[in-house]
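Asks: All I have is the shape, not the residue letters:
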């Protein structure tokens with residue numbers, strides 16, 4: 001594998017994982033602030049969703065099916081905890097993280113094909 005590909009993948013994965021770690025921390029703060037309000041389920045769902053996506057990405061990068069499966073189960077659990085139509089406290093962050101995750105998936109797929 002060329003060094004350029006390795007650097008690109010490392011940069012994308014690191015940026016995405018740091019973004020998700022920040023999102024998990026922000027969702028945790030939101031959960032603590034809204035502990036007694038009805039919105040706490042949305043915060044729990046956000047934490048599960050971010051953690052699950054992060055684990056699924058790690059499972060894909062390191063080709064460890066168990067980690068990826070746990071991540072996908074956490075994402076599914078987040079959907080069960082809270083309605084899919086929940087309002088996000090951080091819509092721009094979620095859009096950015098989703099874009100990073102898609103770019104990661106495309107680059108890894110192209111690398112595995114080529």
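Replies: Thanks, I have the structure now. As the structure is a computational prediction, the values presented were derived from the model and not from experiment. Residues are numbered from 1 along each chain as shown.

Asks: how many neighbours does the residue nearest to residue 34 when sequence neighbours are not counted have?
Replies: Spatial nearest neighbour of residue 34, excluding adjacent residues (Cβ to Cβ, 6 or more residues apart in numbering): residue 40 at 5.1 Å. (Glycine included, C-beta is placed from N, CA and C.) Residues lying near residue 40 (other Cβ atoms under 10 Å) number 16.

Asks: how close does residue 40 sit to residue 29?
Replies: 12 Å (Cβ to Cβ, to the nearest Å).

Asks: what about the longest helix anywhere in the chain, average pLDDT?
Replies: Longest helix in the chain, counting residues (DSSP state H): helix 3-33. If you average the pLDDT over helix 3-33, you get 80.

Asks: quick one, strands of this protein?
Replies: Using DSSP state E, no strands are assigned anywhere in the chain.

Asks: what about residue 37, distance to residue 17?
Replies: Where residue 17 is concerned, residue 37 sits at a distance of 30 Å (Cβ to Cβ).

Asks: Compare these two (neighbour count), which wins?
Replies: Each of residue 37 and residue 17 has its neighbours counted (other Cβ under 10 Å); residue 17 has more, 16 against 10.

Asks: Hmm, the more buried one is touching residue 53, no?
Replies: No - contact criterion Cβ atoms under 8 Å: residue 17 and residue 53 do not qualify, at 10.1 Å.

Asks: Can you name the residues that contact the residue most central in space within the chain?
Replies: Centroid-nearest residue in the chain: residue 53, 3.2 Å away (criterion: Cα atoms, centre = their mean). Contacts for residue 53 (Cβ atoms under 8 Å, 6 or more residues apart in numbering) come out as 20, 71, 75, 97, 101.
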